[in-house]
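> Here is my input; please provide its structure:
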Amino acid sequence: MLSVVDSRQRGFFDASWCGDLVPRDSFYSLLAEHGERIVCDEDFADCYSPGRGRPSIPPSLLAKTLLLAYRCGLSDRQAVEAVRFDLRWKVALGLPLDHEGFHPTTLVKFRARLLLHGKERVVFERSLALALELGLLDEPVEQVVDSTPMLGAAATQDTVTLVRSGVRKLLDAVAGEDGEAAATLAGNLEFDYTRPRQKPDCDWRSKPAREALLTRVAQDAERALRAVAQVSELAQRGSVAEAAAFLCELIGQDFELDEDDVPRLRRGTAKQRILSVHDPEMRHGRKSERQRFDGYKIHAAATTSERPLLTAIDVSPGCDYDGQLAPTLIDAQAEELRPKRLLGDSAYGDSETREQLEQRSVEVLAPVPEPPPPPGRIGKREFRIDLAAGTVTCPAGQIARIGPPQRSGIRAAVFADRVCRACPLKGRCAPGWRGRKIDLRRREDLLQAGREALKDPPTREHLRRTRPLIERLLGLLVHRYHARKSRYRGRQKACFQATWTAVLINLHPIEAALRLCAA
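I've put the predicted structure just below:
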């Protein structure tokens, strides 16, 4: 039986009369009974003017609607239809049965208001505060971190479409400032840009024909940039200057000038390559050697308690290294929630990540990333490195001094050529004509400490058993609550979706604790 405690007088069409039809252990029942503890109007007070009345639709109602939409994987329009027709939603939101709902753009404007005022994480922070109140976040000794791909909402464009769309963007910016200049500019270009996604005719099976077309497309884009630059007054306008700089970046990432100053296709793919004009923040990413994706990465930190909660979440371009976001996840947490130790895979075990977390008084328990040596070769781990004495001892017992740090901070120990030539292990250690060189990171001491920690069997077993906790939570996030694909374009909006979806994960242990308190 659903019991909704409410001091107000209930009307004949109040949905709470139908509360018995909603299962008591459902998410709808949780919002109906404890919605005010999860989110309330005061959380959004800074987003509205105090002197111009109150919004016609309470912000807490819109926040609950967004949570339900993310939980069910519904669009704004479908969510509004559910508000109007679904009895469970009416019970959860405390609406009368004859409530007609509202327009879908209300949710669009609500999200925009939250992003404008920096309140996109308010419900997530509220869930952590409620978890702390219920005793679910006592003594955060350690946390576990990981990431998962988030596919971008915009279509990935090839080089021809990308550059042509960039030219169209420039033409639109010029047209916004001077329509006549835009018409003149478009008339002096080789290709028609009214439909940039429609590619020019080409024998796409012929590589020379494809490369020739790519060169012509790049030359036409350069022609447009030169024409705009010649009109200094127009080129300095904000929208035009921004579109021109963006087009320059699109050309530069895929083309390079040859000896005759003709743009030719660049070999290879740049790490920070823009994939779409419609979402310039999307990037190529790899979760593994075989798993490639286009979009973003969701990074999360979670407690290692019996009922784990997500304590921090962020989104970065897909090309970012996992360890780069570990300090951000720590900084995003309140002081009382920050862990003393962070558990992760080898992506978090490099010296740079360990050093940044050391500055935050956080220890790292993760494997040290070391590529294995070729079969039959002697790797770096077989050398004994004594940082205190400043020496490196090879498997044959020879000793080399550690040299001074280079500009990059890397130090090296070089074994003399004459020593290695006489060594019986030369074929496996230094098969070339030179002696062996061992590179040491600037904070090699942190790497040594990381290796030593995992030599302890209980510690190694603890990492093996604990790290999968975050993988299960991320699995719920992307599969059960539909966060694998971003609903929106842009990193900030993608982070909004991931953050609000993370609230649904945290409500699992919170709901169990609330039920236990009510029993």
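> Spell out the residue ranges of the strands in this protein.
Listed from the start of the chain, the chain has strands (DSSP state E) covering 142-151, 255-257, 263-265, 283-286, 292-303, 310-317, 341-343, 363-365, 384-386, 391-393, 399-401, 411-414, 437-440.
> closest one to Ser486 among these?
Nearest of the strands of the chain to Ser486, taken as C-beta to C-beta: strand 142-151 at 5.5 Å. Every residue, glycine included, has its C-beta placed from N, CA and C.
> okay, now the nearest residue to Asp294 once chain neighbours are set aside: neighbour count?
Leaving aside its chain neighbours, Asp294 sits nearest to Thr156 (4.8 Å; criterion: C-beta to C-beta, 6 or more residues apart in numbering). Other residues within reach of Thr156, judged by other C-beta atoms under 10 Å, total 15.
> was I right about Thr156 contacting Val277?
No. Assessed by C-beta atoms under 8 Å, Thr156 is found out of contact with Val277, at 10.9 Å.
> before we move on, back to that, could you provide the strands of the chain in CSV, with additional columns for mean neighbour count, mean pLDDT and distance to Ala498?
Compiled in CSV, those are given as follows (neighbours: other C-beta atoms under 10 Å; pLDDT from 0 to 100; distance: least, C-beta to C-beta, whole Å):
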stretch, mean neighbour count, mean pLDDT, distance to Ala498
strand 142-151, 24, 95, 7
strand 255-257, 16, 84, 35
strand 263-265, 17, 82, 35
strand 283-286, 19, 91, 15
strand 292-303, 24, 95, 5
strand 310-317, 24, 96, 5
strand 341-343, 22, 95, 20
strand 363-365, 21, 95, 24
strand 384-386, 14, 92, 41
strand 391-393, 18, 93, 45
strand 399-401, 15, 92, 49
strand 411-414, 18, 92, 40
strand 437-440, 16, 91, 37
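> To Ala453, which of the ones you listed lies closest?
When these are compared (using C-beta to C-beta), the closest one is strand 363-365, at 6.2 Å.
> Any chance you could list what contacts the closest one?
Under the contact criterion C-beta atoms under 8 Å, 6 or more residues apart in numbering, strand 363-365 has outside partners 142, 340-344, 348-349, 353-354, 357, 446, 450, 453-454, 459, 463.
> follow-up on the earlier one: show me what contacts the residue nearest to Asp294?
By C-beta under 8 Å, 6+ apart, Thr156 lies in contact with 275-276, 282, 294.
> Convert stretch 401-415 to PDB, retaining C-alpha atoms only.
Taking only C-alpha atoms (Å, rounded to 0.1, in the frame of the first residue of the first chain), the coordinates of stretch 401-415 have been written out as PDB:
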ATOM      1  CA  ARG A 401      74.800   6.100 -13.000                       C
ATOM      2  CA  ILE A 402      71.500   7.900 -13.400                       C
ATOM      3  CA  GLY A 403      72.000  11.100 -15.400                       C
ATOM      4  CA  PRO A 404      70.600  14.600 -14.700                       C
ATOM      5  CA  PRO A 405      67.000  15.300 -15.700                       C
ATOM      6  CA  GLN A 406      66.300  16.400 -19.300                       C
ATOM      7  CA  ARG A 407      64.100  19.300 -20.200                       C
ATOM      8  CA  SER A 408      61.100  17.000 -20.200                       C
ATOM      9  CA  GLY A 409      62.000  15.800 -16.700                       C
ATOM     10  CA  ILE A 410      63.000  12.300 -17.800                       C
ATOM     11  CA  ARG A 411      66.300  10.900 -16.500                       C
ATOM     12  CA  ALA A 412      68.300   8.100 -18.000                       C
ATOM     13  CA  ALA A 413      70.900   5.500 -17.100                       C
ATOM     14  CA  VAL A 414      73.100   4.600 -20.000                       C
ATOM     15  CA  PHE A 415      75.300   1.500 -20.000                       C
END
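> Tally up the residues packed near Pro50, please.
Per other C-beta under 10 Å, the neighbour tally for Pro50 reads 8.
> And Gly397, by the same measure?
Here the neighbour count serves as a burial measure; for Gly397 (other C-beta under 10 Å) it reads 8.
> Quick check on it: phi, psi?
With angles defined as degrees, to the nearest 10, Gly397 shows backbone torsions of phi 100, psi 0.
> can you check the one 10 residues further on too?
The phi/psi pair for Arg407 (degrees, to the nearest 10) reads phi -60, psi -30.
> Number of residues surrounding the residue nearest to Ile274 when sequence neighbours are not counted?
Nearest in space to Ile274, with sequence neighbours left out and distances taken as C-beta to C-beta, 6+ apart, is Pro280 at 5.2 Å. Counted by other C-beta under 10 Å, the residues lying close to Pro280 total 17.
> before we move on, back to that, how about JSON lines for the contacts of Thr156, with distance to Val91 added?
Formatted as JSON lines, the entries for the contacts of Thr156 read as follows, by distance: C-beta to C-beta, whole Å:
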{"residue": "Leu275", "distance to Val91": "43"}
{"residue": "Ser276", "distance to Val91": "41"}
{"residue": "Met282", "distance to Val91": "39"}
{"residue": "Asp294", "distance to Val91": "40"}
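> Which pair of the residues you listed spans the longest distance?
The most widely separated members of the contacts of Thr156 are Ser276 and Asp294, with 8.4 Å between them, by C-beta to C-beta.
> where do the contact lists of those two overlap?
In the contact map built from C-beta under 8 Å, 6+ apart, the residues linked to both Ser276 and Asp294 are 152, 156, 282.
> distance between the helix or strand bottoming out on mean pLDDT in the chain and the chain's centre?
Of all the helices and strands that make up the chain, the one with the lowest confidence by mean pLDDT, DSSP states H and E is helix 232-235; it has a mean of 78. For helix 232-235, the gap between its own C-alpha mean and the chain's C-alpha mean amounts to 37 Å (C-alpha atoms, centre = their mean, to the nearest Å).
> and if you look at stretch 382-393?
Between the mean C-alpha point of stretch 382-393 and the mean C-alpha point of its chain there is a distance of 39 Å (C-alpha atoms, centre = their mean).
> got the end-to-end distance for that stretch?
One end of stretch 382-393 sits 9 Å from the other (C-alpha to C-alpha, to the nearest Å).
> which residues are contacting that stretch?
The contact list for stretch 382-393 (C-beta under 8 Å, 6+ apart) reads 394-395, 399-402, 413, 438, 440, 444-445, 448.
> Select, from these, the two members most distant in space.
Going by C-beta to C-beta, the pair spanning the contacts of stretch 382-393 furthest: Pro395 and Asp445, at 22.0 Å.
> who's more crowded, these two?
Residue environment comparison for Pro395 versus Asp445 gives the larger neighbour count to Asp445, 16 against 13, counting by other C-beta under 10 Å.
> Find the nearest non-adjacent residue to that one, please.
Spatial nearest neighbour of Asp445, excluding adjacent residues (C-beta to C-beta, 6+ apart): Leu387 at 5.7 Å.
> Could you pull up phi and psi at the one you found?
With angles defined as degrees, to the nearest 10, Leu387 shows backbone torsions of phi -70, psi -30.
> pLDDT score for it?
In this prediction, Leu387 carries a pLDDT score of 91.
> Check the spacing between it and Pro405 real quick.
Applying C-beta to C-beta, to the nearest Å, the value for Leu387 to Pro405 is 13 Å.
> How about Pro140?
Computed with C-beta to C-beta, the distance linking Pro140 and Pro405 is 36 Å.
> Settle it for me: which of those two has more neighbours?
Set side by side, Pro140 and Pro405 show more neighbours around Pro140, with 20 against 12, by other C-beta under 10 Å.
> Good, wrapping up.
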